[in-house]
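> can you look at this prediction? I've put the sequence above it.
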Amino acid sequence: MTGKNSVYGTPRPANVPTFPLGACVGKAKLMNPRPDNPAAVLHARQVCWGCPVLTDCRAWMSTLTPRTDPGDVLAGTTHAERTGKDPDRRVCRACWLVRPRDKFSLAGKHGQRAVCKSCVAASRPTGSPTSQRAEEAA
Ligand code: SF4
Ligand SMILES: [Zn+2]
């Protein structure tokens, strides 16, 4: 995550932490791939997957709102996945992993639950019928 509002760019907003050991240091262009270039997006994700501060970065990412999100690839996720604008994938608000949309239950007339089916199943007592159905669907 390295755009002008990024961890390493300047100016840096007060809500953006510094991760000196981040694998994206010095890789601003790589971490801001065009959304229509899957290979470039994957390359940016791979930088995060090998990052020594991925856990800390993901914890910070979990505190972001669409308004405070600085953009770019961050903790292995794209801006569209974090803000719910990607038609195929979204970030689970419990495990903070990118999951296909069919791994989230529908919620009411609009949209989907923010937590994936696996996390919903894991939060229920094991052996309950509801838990088993959720696990089968995940
Ligand atoms: S997880 Fe990704 S965005 Fe976060 S510091 Fe590491 S390389 Fe940068
Ligand atoms: Zn989840």
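Received it, and whenever you're ready, just let me know what you need. Residues are numbered from 1 along each chain as shown. Ligands and ions are numbered 1, 2, ... in the order given.

> need the helices for this structure, in chain order.
38-49, 54-61, 79-82, 117-123, 129-137 (DSSP state H).

> show me how far the first one is from its chain's centre.
For helix 38-49, the separation from the chain centroid amounts to 13 Å (computed by CA atoms, centre = their mean, to the nearest Å).

> so that helix versus helix 54-61, what angle?
110 degrees (axes from the mean of the first three to the mean of the last three CA atoms, to 10 degrees).

> can you list the buried residues in helix 38-49?
Ala40, Val41, Ala44, Arg45, Val47, Cys48 (16 or more other CB atoms under 10 Å). C-beta coordinates here come from the backbone N, C-alpha and C atoms, glycine included.

> now stretch 50-59: average pLDDT?
Taken as a whole, stretch 50-59 carries a mean pLDDT of 95.

> is that stretch up against ligand 1 anywhere?
Yes. Using CB under 6 Å from any ligand atom, stretch 50-59 reaches ligand 1 at Cys51, Val53, Leu54, Cys57.

> list the contacts for the second one?
Applying CB atoms under 8 Å, 6 or more residues apart in numbering, we find Val53 in contact with Phe19, Leu21, Gly22.
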